[in-house]
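Okay, predicted coordinates and the sequence, questions at the end:
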2 protein chains.
Amino acid sequence: MQSSHLSDTIVAVSTGQGVAAISLIRMSGPQAIEITDKIFTGALLSKEQTHTLNYGVIKDEKGVHLDDVVIGLYRGPKSYTSEDVIEISCHGSPYIVKEIMALLIRQGARPADAGEFTMRAFMHGRMDLSQAEAVADLIASQSRASHTLAVQQMKGGVSSEIKNLRQKLLDFVSLIELELDFGEEDVEFADRAKLKSLVEEIITLTSRLKETFHLGNAIKEGIPTVITGRPNAGKSTLLNKLLNEERAIVSDIPGTTRDTIEEVLVIEGMQFRLIDTAGIREAHDEIESIGIGRTMEKIGLASILIYVFDITTMSPKEVAEDIASIQPENAKVILAANKMDLNPYAHADEWKLKDYPIVPLSAMNNMNIEYLIETLGASVAKDIPADLPMISSARHYHALERTQSRLDDVISGLDSGITHDFLAQDIRQALHHLAEITGEISTEDVLGNIFGRFCIGK
Amino acid sequence: MQSSHLSDTIVAVSTGQGVAAISLIRMSGPQAIEITDKIFTGALLSKEQTHTLNYGVIKDEKGVHLDDVVIGLYRGPKSYTSEDVIEISCHGSPYIVKEIMALLIRQGARPADAGEFTMRAFMHGRMDLSQAEAVADLIASQSRASHTLAVQQMKGGVSSEIKNLRQKLLDFVSLIELELDFGEEDVEFADRAKLKSLVEEIITLTSRLKETFHLGNAIKEGIPTVITGRPNAGKSTLLNKLLNEERAIVSDIPGTTRDTIEEVLVIEGMQFRLIDTAGIREAHDEIESIGIGRTMEKIGLASILIYVFDITTMSPKEVAEDIASIQPENAKVILAANKMDLNPYAHADEWKLKDYPIVPLSAMNNMNIEYLIETLGASVAKDIPADLPMISSARHYHALERTQSRLDDVISGLDSGITHDFLAQDIRQALHHLAEITGEISTEDVLGNIFGRFCIGK
């Protein structure tokens, strides 16, 4: 991303590519209206009111009729970017779009970088950085849950929590800095006990926010769900049964599949990425151990682990041993006791382990598949906090981590009776890291990184 | 296409598919505003003025925030369809688009058929049929020339010629029908000599319009240009040289390539489809004769034939024989005298044939390639009539053909002193066929055929 010149007028095609009924060309900046007035016959936009639609013809410098269009006019600051914005709705012919773009560029606009409209909205204070990031998440959202997360963040859910914390800390640091002005006099305007309890409160909150990241990020990207178990436990049959109904929900949206996600299942609006693995067993030779290595790698990345076992052949002890060998540290485990139809008198409870939910089922006979799906959905839904927004961005997570580390210093400083100036410095650094999230403090690199991931035209 | 119910409110996504900054959902019909008011928080559109942009939030029946959108409001009849039209500009997430579409459909809209918005514009008399067809051509246009044709037709160029002819004929037929009222009295209000000269004038015009079809259609679809000649004449080298520079112009537009057009070259805004053929020669066996058959088939479809020959080995007589054997009835022929570098003293004029332009060149050395390109462009450009719109639709061509056939009957009727009633009937039929072009007379089948070829959302 090149450095942003707010004096430039930028232009981009904002709608999808290819032949379509309509394409939308968006232009923003100080010259947007002036440029349009040179090429548009429908109305003199410089005389028109904001938020109006104006029908007319776009002609090039030689007077050639390029297209009948409707032009939406937004006068700054009441626009997406806070600048004057023009939206040209033309026929969706790639030839026409190319010709109009070329004309606008000849007339003084420059092609916008990815995300540059939203960056301008941020620069002009229309949204903070966390809200701007949510715009990209919103566009990329593929399920109700990821959409909800993005909407929440765009509405300022995370930002307002952060700002709340910052304000409280700011009040304290101001008092401490006032103490500094009194130099040797050893006054204490800031109540140390209250400060400590505030900092502890903030640490608790940052911890909780940080804890939402693992799930928030999984919801955004699709929750990695590994199906594992010994060979012939019925893993693939189960996968097929799980996908039977829900698969269509995803595949009827064109252009949504990213990379090579194995299979996608949507439960209660949440997207689960189901990953089938080779059966786990003891390695008899080197090749087998490579296979097991790969399975273990996938298990390491899982948020949820569905362990499938054959209840007619596996003892509770063997199940426990398998689970222990897998070491599912960060994942939730669901036990799927398969082939219950062959062993109707078995009590699945005998195979129960820790607090893992166990679902007795028969994949082959479609028995209890629905119950497994509910269990899967519930295992995630119960962790979605009701009172707190969730964070889903690694950038936010790391900023919270740095904040917390500085606040830990504040606590130990308070305990060891550190001097005013060091105390103030630690709090200032914590404030700095909190401000990174909302973008009150940001570098060009950070902005380039964030907006570079946007679509062109947004 | 189902039969059109103008009482329905129709809805469709009008922009390209896939993830993008913005997607546009268009809704038209009597309930468009009412439906929007139920789901949109930004403004009560029933109270807003036409041609306004309204920012707000779309919520579903449960109050779930689906998206921040801008809604364009067009009150009928000042809209594309002449009905109330709503355009929702939302974030270009396929998930969001799907959710909003589903919500609108639950609230009473129905998914629009392909071309249904434009069909409504036609039904409400906002454009005639020929203009409506031009909308689809405009969206599909891939070059300046095809774009110009479509714009001309959309602005009513062809329609106004047709209407002009119809009006004159109508005046006459009214007079003749008046004569019928007088039964046996044998009066003549309509001057037969004037009628004959009018009909002859109209026949001349329909003939000229018909003549524009071959070129007009070729411009719309890309002008089929076959490169032919004996083996080793240098055809492929020439093709590569021709494509060298211009090819990029086409390939930087995504989604424009249709089917398997061989290679595309744009000259003076016109798109030439270059088709290389196997060398022509006498068939020594059956397999060779199949190859020749295919070449001849392509030659039969060509608008332009570039005949390449090696001037160092071919005599003027052999060239003449080749051309004669090809029988390029409908195609323009350009003679490309290749390998001039090896025979610098040759006078290409000696190989001249009929009025075919001849271009001495050396493909290998890039000599005179530019001249061949100019010749190619000029050979088409000189046939574009300055005083007449061109027709590019086979439907129009056939309607003109039927019109002309009836008018021929009128002429022979006049010559043989046919009775009033038969004369009136022939003229009425000619009028009917003219009216098919502009759609004053149309059947549901014809409309289905025309609009079924449109994009969804237009």
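Structure received.

okay, now residue A:215: neighbour count?
By the criterion of other CB atoms under 10 Å in any protein chain shown, residue A:215 has 21 neighbours. Placement of C-beta: from N, CA and C, glycine included.

Would you agree it is in contact with residue A:385?
No. Residue A:215 is not in contact with residue A:385 according to CB atoms under 8 Å; the separation is 9.1 Å.

neighbouring contacts of stretch A:419-438?
Residues outside stretch A:419-438 that contact it (CB atoms under 8 Å, 6 or more residues apart in numbering or on different chains): A:128-130, A:158-159, A:162-163, A:165-166, A:169-170, A:172-173, A:176-177, A:179-180, A:395-396, A:399-400, A:402-403, A:406-407, A:409-410, A:413-414, A:441-442, A:446.

of those, buried ones?
A:128-130, A:158-159, A:162-163, A:165-166, A:169, A:172-173, A:176-177, A:179, A:395-396, A:399-400, A:402-403, A:406-407, A:409-410, A:413-414, A:442 (16 or more other CB atoms under 10 Å in any protein chain shown).

Show only the entries of those residues found in strands.
Residues of these located in strands (DSSP state E): none.

Against chain B, which of these make the cut? List them.
On the criterion CB under 8 Å from any CB of the partner chain, none of the entries of the buried ones among the contacts of stretch A:419-438 sits beside chain B.

Tell me which residues touch the residue of the stretch 301-450 of chain A found nearest chain B, please.
Closest residue of the stretch 301-450 of chain A to chain B, CB to the nearest CB: residue A:389 (13.7 Å). Going by CB under 8 Å, 6+ apart, residue A:389 touches A:152-153, A:157-158, A:161, A:209, A:212.

Contacts (any at all) between chain B and the helix or strand harbouring residue A:274?
Assigned by DSSP states H and E, residue A:274 belongs to strand A:270-276. No. Using CB under 8 Å from any CB, we find that strand A:270-276 stays clear of chain B, coming within 9.8 Å at best.

Please identify the buried residues of that strand?
In strand A:270-276, counting by 16+ other CB under 10 Å, buried: A:270-275.

Selecting buried members of the contacts of residue A:389 in PyMOL, what would you type?
Filtering the contacts of residue A:389 down to the buried ones (16+ other CB under 10 Å) takes a single PyMOL command:
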select buried, chain A and resi 152+153+157+158+161+209+212
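
what secondary structure does residue A:67 sit in?
Classification of residue A:67 using DSSP: H, G, I helix; E, B strand; the rest coil returns strand.

Now do the same contact list for it.
So residue A:67 contacts A:57-58, A:90-91, A:96, A:100, B:138, B:151 (CB under 8 Å, 6+ apart).

For residue A:231, grab the count of nearby residues.
Neighbour number of residue A:231 under other CB under 10 Å is 10.

Remind me which helix or strand it belongs to.
Take DSSP H and E as the rule and residue A:231 turns out to sit in neither a helix nor a strand.

and the gap between it and residue A:314?
Between residue A:231 and residue A:314 the computed distance is 12 Å (CB to CB, to the nearest Å).

okay, the nearest residue to residue A:360 once chain neighbours are set aside: pLDDT?
Once flanking residues are discounted, residue A:360 sits nearest to residue A:348: 3.9 Å by CB to CB, 6 or more residues apart in numbering or on different chains. As predicted, residue A:348 sits at a pLDDT of 84.

What strand or helix carries residue A:334?
strand A:332-338.

which residues touch the residue of chain A found nearest chain B?
At 2.8 Å from chain B, residue A:16 is the closest residue in chain A, using CB to the nearest CB. Residue A:16 makes contacts with B:15-20, B:23, B:92, as judged by CB under 8 Å, 6+ apart.

Now the two most distant members of these.
B:15 and B:19 (11.7 Å; CB to CB).

Residue A:451 is in contact with residue A:113, correct?
Yes. Checked against CB under 8 Å, the pair residue A:113 and residue A:451 is within contact range at 7.3 Å.

and the two? which has more neighbours close in?
The neighbour comparison of residue A:113 against residue A:451 (other CB under 10 Å) goes to residue A:451, with 25 against 18.

Quickly list the domain ranges of chain A.
Listed by automatic domain parsing, the domain ranges of chain A are A:10-127, A:134-212+A:391-439, A:218-381.

hey, which helix is longest across chain A?
Counting residues, the longest helix found in chain A (DSSP state H) is helix A:192-221.

Would you mind identifying the next helix or strand past it?
Note on helix A:192-221: by DSSP H and E, the next helix or strand toward the C-terminus is strand A:223-229.

by contact count, what packs against that following strand?
helix A:235-251, strand A:270-276, helix A:286-301, strand A:304-310 (3 or more CB pairs under 8 Å, 6 or more residues apart in numbering or on different chains; DSSP states H and E).

between that strand and strand A:304-310, what angle do the directions make?
Between the axes of strand A:223-229 and strand A:304-310, defined by axes from the mean of the first three to the mean of the last three CA atoms, to 10 degrees, the angle is 20 degrees.

From the chain's centroid, how far away is stretch A:408-428?
34 Å (CA atoms, centre = their mean, to the nearest Å).

Where among the domains of chain A is average confidence lowest?
Across the domains of chain A, the stretch with the lowest average pLDDT is domain A:218-381; it has a mean of 82.

quick one, phi/psi of residue A:11?
Phi and psi for residue A:11, reported as degrees, to the nearest 10, are phi -140, psi 150.

oh sorry, the question was meant for residue A:103
Residue torsions, per degrees, to the nearest 10, at residue A:103 are phi -60, psi -50.

list the contacts for the spatially closest residue to it that is not a sequence neighbour?
Distances taken as CB to CB, 6+ apart put residue A:60 closest to residue A:103, at 5.3 Å, once the chain neighbours are dropped. Residue A:60 is in contact with A:39, A:66, A:99, A:103, counting by CB under 8 Å, 6+ apart.

For the contacts of residue A:16, pick the one with the most neighbours.
residue B:23 (32 neighbours).

For it, give its distance to residue A:218.
According to CB to CB, residue B:23 and residue A:218 sit 27 Å apart.

ok, now residue A:35?
45 Å.

And for residue A:408?
27 Å.

what number of residues lie near residue A:62?
5.

ignore the last one, residue A:382
Residue A:382 - counted by other CB under 10 Å - has 8 other residues nearby.

And for residue A:74?
Applying other CB under 10 Å, we find 25 residues neighbouring residue A:74.

just checking, it touches residue A:54?
No. If you go by CB under 8 Å, residue A:74 and residue A:54 don't touch, sitting 11.9 Å apart.

those helices in chain A, which residues are they?
Under DSSP H, chain A gives helices at A:32-39, A:94-106, A:116-123, A:129-140, A:144-154, A:157-181, A:192-221, A:235-251, A:286-301, A:316-326, A:369-381, A:394-415, A:420-438, A:444-451.

Switch the ones you listed over to a markdown table; also include distance to residue B:372.
As requested, those are exported to a markdown table (distance: least, CB to CB, whole Å):
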| stretch | distance to residue B:372 |
| --- | --- |
| helix A:32-39 | 36 |
| helix A:94-106 | 25 |
| helix A:116-123 | 44 |
| helix A:129-140 | 48 |
| helix A:144-154 | 57 |
| helix A:157-181 | 64 |
| helix A:192-221 | 56 |
| helix A:235-251 | 50 |
| helix A:286-301 | 60 |
| helix A:316-326 | 72 |
| helix A:369-381 | 67 |
| helix A:394-415 | 58 |
| helix A:420-438 | 63 |
| helix A:444-451 | 48 |
